[in-house]
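Colleague: let me see the structure of the following:
(one chain, ligands or ions: 3)
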Amino acid sequence: MSGEQDSAYESLVQFLYRAPVALIQLQKDGSIEMLNPMAAQLLMPLSADGDLVNLFQVLQPYAPVLLRLCANFKPEQGLICEGMRIAVNEHQRQHPESPAVLSLGLLKVDGNRLMAIVMDATHEVVREQRLLASRLASAAKLDTLTQLPNRAGALELLSTMTQRARAPSGDYCAVLFINFDRFKQINDTLGNEVGDQVIVLVAERLSTNLRSSSRPPGSRTSTELIARVGGDEFAVLLDGVTERGVVSAIAARLLERLSKPYMIGSHEITCTFSAGIVVLNSEAHDADDLLRDAAIAMAIAKAAGGDRFAIFRQQMREDALLRGGLESDLRYAIERGELYNLYQPVVRLLADGKVDPTAGVEALVRWQHPVRGVVGPVEFIGIAEDCGLIGAIGEKVLERACRDFVRWKQRLGARAPRLLAVNLSRAQLSQDDLCDKVSAILAASGMEPDKLQLEITESLAAQGKDIQEQLLRLKALGVKLALDDFGTGYSSLSSLHLLPVDTVKIDRSFVTLAGTSRHHEVLIEATVKVARSLGMNTVAEGIETQQQAAVVYAQGCDKGQGYLYSRPITGEAIEEWLSNIA
Ligand code: C2E
Ligand code: MG
Ligand code: MG
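Modeller: Ligands and ions are numbered 1, 2, ... in the order given. Sure thing, here's the model as predicted:
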């Protein structure tokens, strides 16, 4: 070898000698031919008998799969494995400092020889695990649909923001809890996918409207947090609010912007929202309490009709506790006989404001609560559905109504109401034995099936196949079906023909505006026309004035129901009313 070659050879040896990776040349059976010092350093702690004769033997306890890999290795392949992780657990480690994870590469040099490359991968693995842990932690606090913080994330951010010392400027901050008024209807009628898209658009609109400069003049607010805290619920934290009044202005503007239509494919979706607001100044608050209080105020805004906001007051929390108490009271209400039926006459509309009062009655349930007095169905039907009591309540209402109806017929003869309407709730419609129960009650009371009209809300009727089948089974019993509160849901006139109903009840909100809003009048007229063309009757709900009665009659409504004729009254009062009036 020449001097030059000598020196190049020496450099190469030095290079291999100092290389920070372990290099091992071995035979096909694992016998080690050559290895550099790093290889000795990394492998020695793994060797059970303290020598490094055969790599496969050394690694066997840690990577039993290795031998199999080599045995199945095809001659044409060059690479046997690459970056294979070999974990050395605490008990196997000779020294606490020795690597916990090695990374192994094995490749073929020629027909008989292999080359192994081993590296200490401990730090790499620790880094990976940390990254993964932090990703997992942030994923657990992030809503995947909107990429906004979720409830857990919101609570964490809220507590850091509200607990830190506030500047002595006297500024307020406010937590807004925002909820769709009828999100379920969107999901039920247009499907969950459209529902999800609406959620995403709402999240975007929240962000753009809060983060842009579109705030009332004079406010220095900064939004520090927008989060999706529930399926259809969002929370917003406004910081640096100079006056309480600014919060209301922002909330009003926000609700107005959110209620502008959303376009999804060919659907134009309009939804309204309710918001609850907690305004706070310097004192520290618990994040959970803040969110709960804002949600309580939101529920009040929603109960007041939705599409509005309410600012939290302490009294609201006490009222909410009372509402919670209703659920446990309701369990006893049935056995204590606290539920009873009222009936509201449904009249046939005739010319010149005249009516035929015997067209029918609608049964409307009431609860005589021992402490709270009379509680209306809007307050407790939802609770009854949630706690599984609706089946029993619905049966009682139907049973009693049928009995009363049959008795009126016996006592009043031709003056008796000709049709009995009874409401069915969402949960009742999904009960498998609903038809059996209805037919048993009809039989027991002697009620003729075609004199009974079961009412379902529009949003329910438009639901999936199961509901449709249930409706058809009910029809097969001979009972009539009515679509209640028409106009408030998302099913349109064009899908009315798909529903097996006999009567459409036009929602009170339309009737109230009949006579003052041309738009609502046109809607009533169109509904009546379509319903007629499908052979359905129409009932105008909530007629309070002669003017409304005249308008709906002129539009062609067959029947009407409302305070103008009678409020809901007891069964005895119905008898009296009919004997006097007819
Ligand atoms: P609905 O079936 O649409 O009943 C009509 C509601 O409008 C009744 O309220 C009635 O009192 C009210 N109403 C009628 N005329 C007028 C009017 O001229 N002006 C105003 N402001 N309101 C009028 P109520 O009794 O509070 O019932 C509310 C809803 O609760 C019902 O709406 C129905 O969906 C549900 N509901 C009532 N009873 C039952 C029941 O036994 N079972 C089920 N599942 N739901 C029921
Ligand atoms: Mg009804
Ligand atoms: Mg109604």
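Colleague: next SSE downstream of the helix or strand hosting residue 128?
Modeller: Using DSSP states H and E, residue 128 sits within helix 122-140. Remark: after helix 122-140, the chain's next helix or strand is helix 151-163, criterion DSSP H and E.
Colleague: report the mean per-residue pLDDT for that following helix.
Modeller: When pLDDT is averaged along helix 151-163, the result is 82.
Colleague: which non-adjacent residue is nearest the residue nearest to the spatial centre of the chain?
Modeller: Residue closest to the mean C-alpha point of the chain, counted by CA atoms, centre = their mean, is residue 231 at 3.0 Å. Distance criterion CB to CB, 6 or more residues apart in numbering; nearest residue to residue 231, sequence neighbours excluded, is residue 183 at 7.3 Å. In this view, the C-beta of every residue, glycine as well, is placed from N, C-alpha and C.
Colleague: spit out the contact partners of the one you found.
Modeller: 195, 198, 231, 232, 271 (CB atoms under 8 Å, 6 or more residues apart in numbering).
Colleague: and those residues, which are buried?
Modeller: By neighbour count, with 16 or more other CB atoms under 10 Å, the contacts of residue 183 hold 195, 198, 232, 271 as buried.
Colleague: I'd like those residues as a markdown table, with pLDDT, secondary structure and distance to residue 437 appended.
Modeller: Shown next, in a markdown table, are these (pLDDT from 0 to 100; DSSP: H, G, I helix; E, B strand; the rest coil; distance: CB to CB, whole Å):
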| residue | pLDDT | secondary structure | distance to residue 437 |
| --- | --- | --- | --- |
| 195 | 94 | helix | 32 |
| 198 | 96 | helix | 36 |
| 232 | 95 | coil | 32 |
| 271 | 92 | coil | 35 |
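Colleague: how far does the helix or strand hosting residue 206 sit from its chain's centre?
Modeller: Secondary structure from DSSP H and E places residue 206 in helix 192-211. Computed by CA atoms, centre = their mean, to the nearest Å, the chain-centroid distance of helix 192-211 equals 14 Å.
Colleague: next structured bit after the least confident helix or strand in the chain by mean pLDDT?
Modeller: Lowest on mean pLDDT, DSSP states H and E among the helices and strands of the chain sits helix 458-461, with a mean of 66. Heading C-terminal from helix 458-461, the first helix or strand you meet, by DSSP H and E, is helix 465-476.
Colleague: what comes up buried for that following helix?
Modeller: For helix 465-476, using 16+ other CB under 10 Å, the buried residues are 467, 470, 471, 474, 475.
Colleague: out of those residues, which two are the most distant from each other?
Modeller: Using CB to CB, the two most remote members of these are 467 and 475, lying 12.7 Å apart.
Colleague: joint contacts of these two?
Modeller: With CB under 8 Å, 6+ apart, residue 467 and residue 475 have no common neighbours.
Colleague: and the buried ones among the contacts of residue 183, which is closest to ligand 1?
Modeller: residue 271 (20.6 Å; CB to the nearest ligand atom).
Colleague: do you know how far the closest one is from residue 61?
Modeller: 63 Å (CB to CB, to the nearest Å).
Colleague: where are the low-confidence patches of the stretch 201-350 of the chain?
Modeller: Applying pLDDT under 70 to the stretch 201-350 of the chain flags the ranges 211-224, 282-284.
Colleague: near ligand 1, which residues of it are found?
Modeller: Within the stretch 201-350 of the chain, the positions adjacent to ligand 1 are residue 344 by CB under 6 Å from any ligand atom.
Colleague: the strands in the stretch 201-350 of the chain, which residues?
Modeller: 222-230, 233-241, 262-264, 267-269, 273-280, 308-311, 339-349 (DSSP state E, counting those that start in this stretch).
Colleague: who does the longest one touch, helix- and strand-wise?
Modeller: When you say that, I think you mean strand 339-349. Helices and strands touching strand 339-349, as assessed by 3 or more CB pairs under 8 Å, 6 or more residues apart in numbering; DSSP states H and E, comprise strand 355-369, helix 390-412, helix 546-554, strand 559-560, helix 571-581.
Colleague: grab the nearest non-local neighbour of residue 541.
Modeller: residue 508 is the one closest to residue 541 (CB to CB, 6+ apart), at 4.6 Å.
Colleague: let me fix that: residue 359
Modeller: Residue 359 sits nearest to residue 348 (CB to CB, 6+ apart), 4.2 Å away.
Colleague: repeat that for residue 259.
Modeller: residue 272 (4.9 Å).
Colleague: tell me the contacts of the one you found?
Modeller: 180, 181, 182, 255, 259, 306, 307.
Colleague: which of those fall in helices?
Modeller: residue 255 (DSSP state H).
Colleague: quick one: which of the contacts of residue 272 is most hemmed in?
Modeller: residue 180 (24 neighbours; other CB atoms under 10 Å).
Colleague: from memory that residue sits against residue 273, does it?
Modeller: Yes - using CB atoms under 8 Å as the test, residue 180 is close enough to residue 273 to be in contact (5.9 Å).
Colleague: near ligand 1, which residues of the protein?
Modeller: Residues of the chain lying near ligand 1 (CB under 6 Å from any ligand atom): 344, 364-365, 376-378, 381, 394, 397, 423-425, 455, 484-485, 508, 541-544, 561-563, 568.
Colleague: is there a quick PyMOL command that grabs whichever of those are buried?
Modeller: Buried residues within the residues of the chain next to ligand 1, by 16+ other CB under 10 Å, are selected in PyMOL with:
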select buried, resi 344+364+365+377+381+394+397+423+424+425+455+484+485+508+541+542+543+561+562+568
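Colleague: ligand 3 next: which of the residues of the chain next to ligand 1 are close?
Modeller: 484, 485, 541 (CB under 5 Å from the ion).
Colleague: the first one contacts residue 457, doesn't it?
Modeller: Yes - counting by CB under 8 Å, residue 484 does reach residue 457; the two are 4.9 Å apart.
Colleague: residue ranges of each domain in this structure, please.
Modeller: Per automatic domain parsing, the domain ranges recorded for the chain read 3-124, 151-312, 337-581.
Colleague: could you give the angle of whatever helix or strand residue 485 lives in to helix 465-476?
Modeller: Following DSSP H and E, one finds residue 485 within strand 480-486. Here strand 480-486 runs at an angle of 130 degrees relative to helix 465-476 (axes from the mean of the first three to the mean of the last three CA atoms, to 10 degrees).
Colleague: partner strands of the helix or strand following strand 480-486 and their direction?
Modeller: Downstream of strand 480-486, the next assigned helix or strand under DSSP H and E is strand 503-506. Paired with strand 503-506 in the same sheet, following DSSP bridges, are strand 480-486 (parallel), strand 537-540 (parallel).
Colleague: pick out the shakiest of the ones you listed, pLDDT-wise.
Modeller: When I compare those, strand 480-486 is least confident, with a mean of 93.
Colleague: what does that one contact?
Modeller: 419, 421, 423, 450, 452-458, 461, 471, 474-475, 496, 499-507, 527, 539, 541.
Colleague: just the CA atoms of that strand, as CSV, please.
Modeller: Only the C-alpha atoms of strand 480-486 are listed here, as CSV (Å, rounded to 0.1, in the frame of the first residue of the first chain):
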residue,chain,number,x,y,z
LYS,A,480,-107.1,10.3,12.2
LEU,A,481,-103.8,12.1,12.2
ALA,A,482,-103.0,15.8,12.4
LEU,A,483,-99.9,17.8,11.7
ASP,A,484,-99.6,20.2,14.6
ASP,A,485,-97.8,23.6,14.7
PHE,A,486,-97.4,23.6,10.9
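Colleague: return the distance of it from the chain's centre.
Modeller: 26 Å.
Colleague: now residue 64: how far from residue 83?
Modeller: Residue 64 is 18 Å from residue 83, by CB to CB.
Colleague: revised request: answer the last question for residue 402.
Modeller: 76 Å.
Colleague: please apply the same query to residue 351.
Modeller: In terms of CB to CB, residue 351 sits 90 Å off from residue 83.
Colleague: the more surrounded of those two?
Modeller: For residue 351 versus residue 83, neighbours defined as other CB under 10 Å are more numerous around residue 83 (11 against 6).
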